[in-house]
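> next come a sequence and a model predicted from it.
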Amino acid sequence: MQVNAGIQITDSSGETFTGTCIDLSATGMQLLVDRPMEVGATLSTRMDSADAQVAALETECEVMRCQQQDDGYLLGVNITRLAQ
């Protein structure tokens, strides 16, 4: 599903930065970020909903690929856990 929404990302060292969630599926996401990430890195993400009645999507995920793009880095991540 195409999303193109802002997403907050926290890496394993606790550093938080923002990116764009390009698309979302039941098992993964494609994220556009401004820094490279190592394959295998663990990330926590939070994507707020435009509707206040819908809870934010919070995940833990693993970086499966990182490709340089003209305007940043495109990450393919596997969702390993959804926050409840």
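Cool, got the structure.
> how close does residue 12 sit to residue 38?
For residue 12, the distance to residue 38 (C-beta to C-beta, to the nearest Å) stands at 10 Å. Yep, even glycine has a C-beta here, placed from its N, CA and C like the rest.
> apologies, that question was intended for residue 56.
Look at residue 56 and residue 38: by C-beta to C-beta, they are 26 Å apart.
> so which of these two has more stuff around it?
residue 56 (12 against 9; other C-beta atoms under 10 Å).
> my guess is the more buried one contacts residue 49. True?
Yes: Residue 56 is within contact range of residue 49, at 6.1 Å (criterion: C-beta atoms under 8 Å).
> any idea how far stretch 44-54 is from the chain center?
Centroid separation between stretch 44-54 and its chain, computed with C-alpha atoms, centre = their mean, to the nearest Å, is 13 Å.
> end to end, how far does that stretch reach?
19 Å (C-alpha to C-alpha, to the nearest Å).
> so what touches it?
Applying C-beta atoms under 8 Å, 6 or more residues apart in numbering, the contact partners of stretch 44-54 are 3, 5-10, 21, 29, 31, 55-61, 77.
> in helices, which of those residues fall?
If you go by DSSP state H, these have nothing in helices.
> list buried residues within the residues you listed.
By the neighbour-count criterion of 16 or more other C-beta atoms under 10 Å, the contacts of stretch 44-54 include these buried positions: 3, 7, 9, 21, 29, 31, 57, 59, 61, 77.
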